[in-house]
Each structure stands twice: as C-alpha cells, then as structure tokens.
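# Need a 3D model of the following:
(chains A, B, C and D)
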Number of protein chains: 2
Amino acid sequence: MIHNESMSKGGNSGDETILVGDCIARLQEVADKSVDLIFADPPYNLQLKGDLFRPDDSRVDGVDNDWDKFSDFATYDQFTRGWLTECRRVLKDDGAIWLIGSYHNVFRLGVALQDLGFWILNDVIWRKSNPMPNFRGRRFTNAHETLIWASKSETAKYCFNYDMLKASNDDIQMRSDWLFPLCGGEERLKLNGKKAHPTQKPEALLARVLQATTKQGDMVLDPFFGTGTTGAVAKRLGRKFIGIERDETYAAVARRRIEAVVPFEERLTKSPNKRDEPRIPFGWVVERGLLSPGTVLFDAQRRVTAEIQADGTLQATTLWGEHRGSIHKVGAAVQQAPACNGWLYWHFDRDGRAAQIDLLRQHLRAELT
Amino acid sequence: MIHNESMSKGGNSGDETILVGDCIARLQEVADKSVDLIFADPPYNLQLKGDLFRPDDSRVDGVDNDWDKFSDFATYDQFTRGWLTECRRVLKDDGAIWLIGSYHNVFRLGVALQDLGFWILNDVIWRKSNPMPNFRGRRFTNAHETLIWASKSETAKYCFNYDMLKASNDDIQMRSDWLFPLCGGEERLKLNGKKAHPTQKPEALLARVLQATTKQGDMVLDPFFGTGTTGAVAKRLGRKFIGIERDETYAAVARRRIEAVVPFEERLTKSPNKRDEPRIPFGWVVERGLLSPGTVLFDAQRRVTAEIQADGTLQATTLWGEHRGSIHKVGAAVQQAPACNGWLYWHFDRDGRAAQIDLLRQHLRAELT
DNA sequence: GGCACGCCTGAATCCAGCC
DNA sequence: AGGCTGGATTCAGGCGTGC
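Okay, the predicted model is just below:
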C-alpha cells in the first residue's frame, strides 16, 4: 500500500519510509498487522499560559506550537483514541507499543491504552540528569517523563531482550527507571541557529527502547516522527521504520539526518556507564531515623552546637545571631566562613564518642548499592 | 459531625481520628472544606484477580470477555470518582491531594483527578532502592511507584515548603524523583508473624509528603488508612489526622501503632518559608532613621547611584532618563531590566564598606519578633 | 594550547497580597 | 474582580571567550 516517499538509498525499498501528512490519514495506508513496534511521542497538551522568566530575567523558550494546543481534555482524548485505534490495527498481534508523555497527558494516554485493549507491561521513568529547574520555587523540579510499554493484548508474545539488557547493565536486571541527559549539544538539530524541533528526544532513550523490545530487521512505526530520532536510531540498529510527520519542515530535517546515519551494529554493545557515587542529602539521614530531630550536633572541638530539626535542617545560636538551614549553611554561619562541608564539620555522639555525620552518609550509600 | 472513635489520648479531641467503615459513607460525616491535605493509597485489585467493590459495597462478578474487561475498568473508575468526589468536598479550597499507585491504576487515578477539576502540580516517582526483582525475566524490574500531587483547582494557593525541601537537600531544589527503600525491618508491622498489611508504605515517604505540603497543625485525611502510616507520621510531625479504614483488623493495628508514637517537640516540626516573613517597606528604614533622606545608594559595582528621598522613594539619573519610585522600580529602571529586588541591588556605605540595604530589613524584622 | 569563567538553554501547566 | 506592585526565584552541561 505504501508506494512512495521511501528513502531507498542503501536499503531495500520500504526499509526506511517517511510519510508526510495527517497521522491518522497516513496510518490508513499502512497494512493491517504489519508493524512489530510502535513508538509514539504525541503532543503533550502542556496548556502553557503566559511567559516564564528565569531569575536572571531571560525568557524560557517554551512549547507554544499550534500542534500542542487542544481546547479541552475531551478533544485531546478523542484525538488520542483516533490515532491509537489505527496503531492497534497496523500492529502485529505479538507487537508492542511505547508511549511517552508528562503528567499533563500521560494519564490520558494510559487510560486510552487500557480501554482499547492494550496490556500494560511496564511504566518506565526517564529520569533527566539535567532537567530544567522550577524557577519560581512553587513545585518540585519536573525531572522526569513517563513511558508506557504495552503489548497488543494480555496474551501477546511480545519481544523482550532480557539477557542483553541484563548483560549491558552489570548483570543486574534493568529497572523501570532510566537515567539519561536531555538531548543537547551536537545531537540537538538546529535550523538557522534555532532548535529545529522543540521536543527532540535523546537517541540514547530510543536506543534503549529499540534494543530492549525489537529484534534486528523488525519494523518500527513512529506516528509523530518529528525530526526523526526514531528513524535515525532504527537505521543505526538495523531496524526498518515508517515515520509519519505532519510538518514538511520537520520531515525534511529528518530525511537529511537519517541519510547521514551509518549503521554501526557494534554500538549495540555499550560499555556500562560507571556512575559517580550517589549524592546523599542530609534530610535522608533524618527521614530514615539514623538521627532524630532534637539531636544535638557539634564540631570536632565541641565548641559549637546545633540542633537537628524534623525537616533535616539545623538550628544554631551564636553571639552573632540565629542560624537555620542546611548542615552546610549553618556550619558556615557558625564559623563565619564563606562555605563549609557539613558532612565533615558536624559530629554526633555515638556511645559517648564524637563521630562524624559522614559515617551515616557512608552507611546510606552502602545501602543504595 | 464526627462524634466518636477519636483517639483522644494526648491531644485535643478531633486531632487524631480513626473511622472504621466504608470510605465514602464515612467521608460523608466529614464537614465541607475542613481538610488541608488528603493522602490516598487506594486499592487497585483490578483485572479479575480479586474482589472489586462498587461504591455501594456490592461485589463485582468477574467476567473474562473483552467487553466486560472494559466494564471492569468502568467499575473501577466509578469507584474512584465516588470517593474522589467526597474528598473534593471535604478539602479546603486551598487544600491539596496526593494519590499513589502503580501502572495498574495510576493512569485512571490521574484522569479522574483531572476530570473532577483538580489541578495536577507534579507527578512524583518513588524510586525503590530495593525493589522486588522480576522473577520471570519478562519485564523490567518494577522499581518505582507513582504519586500525583494536585491542588483543588488551578488557582488554589496550595502549601509548598520550598525552602525546607531545598535546605534538607544540600541546597538543591527537590526533584520529582525520590529514592526510598521499601518498608521493612522494624518498621514493617507484623501480626502473628506475618505482615499485617500487604502494601504498608514507608514512613519516610509520608514524612516527605507531609513536610513538603502541610504546615504544623494542618488536618490530614487518609481515606484508605490501612495500618495507619499516614496517622503515625502526622502525629509525629504535629499534624492532625482523620483516617478511614473499612477493615477493623487493620484499624486496630493502626490504633496501637499510633498510640505508641511520641510526637516531636513543637519547635522541631516547623518549616518556616522565606515568603512568609513579614514584608518591610523601605519607607520604614527611612522613618526609623536607619538611613536618612539624601543618603546616596549604589549598586555592588558602584556604577549606579541613587538618592534617598524623604518619602522613602529613590531618585536616579541615567543616560536614558530620570527615575523616581520604589527601590525596586528604580533598580529595574537603571538596569533597564524588567524587574529588580531593590533590597539586594542597592548598597549603602557602612564604615567605608558597601553593605546591602537588606541588612537593614533584617534588622527591622528581628525587631518585630 | 589549556584552563577559568561566564553565557546560554532545556516538553514549564512556575506569585501573592493589597487596593 | 482585576490591576498594580513588591520582591522572590535556577541546575547541569555544553560551548565560547579571553587570559
């Protein structure tokens, strides 16, 4: 049924297809049960209102594209069920689907999946190592996005490359929380010096998805192709793909990008990334009950004391004032020093002897590994 | 309206309430707009694997064809919307709600919240440091659960203890992914050697929730109280609570558990927000004679100057004009910036050295307490 | 050339209180 | 209720500049 727009260079016709046009209309050209995996990154319906400025008065370049605007949830749900229904039709019975979203839309995606008969296998968290902070201090840093992995039905024999994932993860089962940086630097596609697409996903994320849940030669469909991350990664990993994109500008960027991709199957075997030691906030020591609120800390010479508050901050009184804040800030304040490593400065009483609170951090670190 | 089952020991009547019975029925005894925060860990015995109850307590018969699978979700949705509607009624207009769930039910919870008019503030991931492995090797290790934090409406002035969270996290703002171990060891409640409740949550998780989004003395409601983790943590942190639990055995365990909790001393469970500090107009500084009219202020680099007027405004002259107004307005004008915190921008001469005028504000604030 | 420093930016539902 | 204003608010990483 697909007869054109194939990127035929370097592969068999139909191995690399980009279709330009409305997602549902072009999906209708794809044959029933012909696709092994679907990856869909639909509009998030962010509902952004006015501008947002950083504390340094620079403006945040938010997503204000028309394609992300929906009049209400009902409209968004209708849109979602429309394209998901077509996706279900083209998916092989043993196929699977991945969706990605944020709290704005992901709950609606999950419900639509369930209502249409898909069987959720996992939700997976993309933890961002470098998220944008919350500039006004009104919420938690929005530091993750959610992926949903679902098979076509409860009994489907979906593909899951368990051994490969475990081997590539220091022989530990791959967890449902994945850590990746945002897409930036060289990888981030530019057009006239500006980002070509506001929501380009990192290739590492797609690589994990495709390596985990497809075999070589599988057909991958992305109904919201954008600038073609799914296609680029699929080509590199020896998977076929169909990408559908409404915006010809995005599609043109994707074509150029994918042309340049040289498949490197050796990259399937990634060296495990050695991680730095995890940072342990002092709040955890209190939350976990290793030190209780009210406990008095002191410095090595026992000249200064501070009391632990229930929220993991310290309170100290000196001749020059009251000090409340983190172990570091209060440590600095009582010494009238510009900075202080609270973990090394503060001590607690253990069986009558002074012990650095850093011991407790080491304890928690050991537990986390 | 609540007239019994209060655990009156050690607190005022109504500070610690456990109600036994159906969640919706007992919620109806709670007054409108009387609760500051709701924490709900609802059951998700979906998908024909256990009992499912309608709001009227009748049991749903399991069926296994596709059509009724849909009706199964529909019944769960009906149940969810039933208790959430009551929760919404008892919640103060500036209150907030937390829900926790896994991929089986959390998407349905999120959609119900949005459809009922709640405003999602964050989804938060509880990353489990010691999750149960996936024994069959067919999926990713299910290593997290999802919490949703939502205010009653888009415009609600919800409580968020930003400063405390940041201070307890080594001065970095708290992210949406939280790492905690499962509830086990001493903390895990046992009954005849077996765990008393299958899904007991760690107290550390509840402590983070309550410290982040309630003030001392706030009323917390948990409509699925179980063995009372919410109550135990609330009591320890100086919050009041109402817990509703249908199972008398669980409720009995909860009562015993909470009786044994010794609250932290009051001074330990406060988390002052910088935003709550009293506002000091610059005019007071002049009125009190801390700076006299005619004094010249300057910025940190001593590149810009401004003269204090008798009315507490500033006057400055630049190449682009004359500026008169508040310390903030003039600070912004001389920098050609959209906004400026004059307290931090302007300095005065103290013994030959530049000192921020904010010092004088701190002085006046100290006097007020 | 190397390092230190500063600028730029990323799927963002981002203010509160008083008149 | 809407408008005005005081004043509170950011983390990690890539990259360019300048010494």
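
# Quick one: neighbours of residue A:279, just the number.
The tally of other residues near residue A:279 (other C-beta atoms under 10 Å in any protein chain shown) stands at 11. C-betas here are computed from N, CA, C, even on glycine.

# ok, now how distant is it from DNA strand D?
Going from residue A:279 to DNA strand D by C-beta to the nearest atom of the strand, to the nearest Å gives 8 Å.

# Then residue A:250?
Residue A:250 is 22 Å from DNA strand D, by C-beta to the nearest atom of the strand.

# part of a helix, is that residue?
Yes. Assessed with DSSP: H, G, I helix; E, B strand; the rest coil, residue A:250 lies in a helix.

# thought it was touching residue A:199?
No. Between residue A:250 and residue A:199 there is no contact under C-beta atoms under 8 Å: 10.7 Å.

# Between these two, which has more neighbouring residues?
More crowded of residue A:250 and residue A:199, by other C-beta under 10 Å: residue A:250, with 24 against 17.

# residues contacting the more buried one?
Remark: with contacts taken as C-beta atoms under 8 Å, 6 or more residues apart in numbering or on different chains, residue A:250 is in contact with A:196, A:197, A:225, A:226, A:227, A:228.

# Just the buried residues of those residues.
Buried members of these, counted by 16 or more other C-beta atoms under 10 Å in any protein chain shown: A:196, A:197, A:225, A:226, A:227, A:228.

# Pull the contacting residues for the closest residue to the first one other than its chain neighbours.
By the measure of C-beta to C-beta, 6 or more residues apart in numbering or on different chains, the closest residue to residue A:196 outside its immediate chain neighbours is residue A:189, 4.1 Å from it. Residue A:189 makes contact with A:195, A:196, A:197, A:200, A:227, A:253, A:257 under the criterion C-beta under 8 Å, 6+ apart.

# next one: residue A:46
Applying C-beta under 8 Å, 6+ apart, we find residue A:46 in contact with A:62, A:63, A:68, A:102, A:104.

# any idea which of these is closest to DNA strand C?
Within the contacts of residue A:46, proximity to DNA strand C (C-beta to the nearest atom of the strand) peaks at residue A:62, which comes in at 2.9 Å.

# got a pLDDT number for the closest one?
We note a pLDDT of 94 for residue A:62 in this prediction.

# from memory it sits against residue A:48, does it?
Yes. Applying C-beta under 8 Å as the test, residue A:62 and residue A:48 come out as touching, 5.2 Å apart.

# any weak-confidence spans in chain A?
Applying pLDDT under 70 to chain A flags the ranges A:1-12, A:265-277, A:368-369.

# Go again with 80.
Residues of chain A that meet the criterion pLDDT under 80 lie in A:1-13, A:164, A:167-171, A:264-279, A:366-369.

# do you know how far the most centrally placed residue in it is from DNA strand D?
Centroid-nearest residue in chain A, with C-alpha atoms, centre = their mean: residue A:126, separated by 2.4 Å. To DNA strand D, residue A:126 is 15 Å away according to C-beta to the nearest atom of the strand.

# Show the subsequent helix or strand relative to the host helix or strand of that residue.
For residue A:126, the enclosing helix or strand under DSSP states H and E is strand A:119-128. Under the assignment DSSP H and E, the closest C-terminal helix or strand after strand A:119-128 is strand A:144-151.

# Filter the contacts of residue A:189 down to the ones in helices?
A:253, A:257 (DSSP state H).

# could the contacts of residue A:189 be laid out in a markdown table, adding distance to residue B:132?
Output for these, formatted as a markdown table (distance: C-beta to C-beta, whole Å):
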| residue | distance to residue B:132 |
| --- | --- |
| A:195 | 41 |
| A:196 | 43 |
| A:197 | 39 |
| A:200 | 35 |
| A:227 | 39 |
| A:253 | 44 |
| A:257 | 41 |
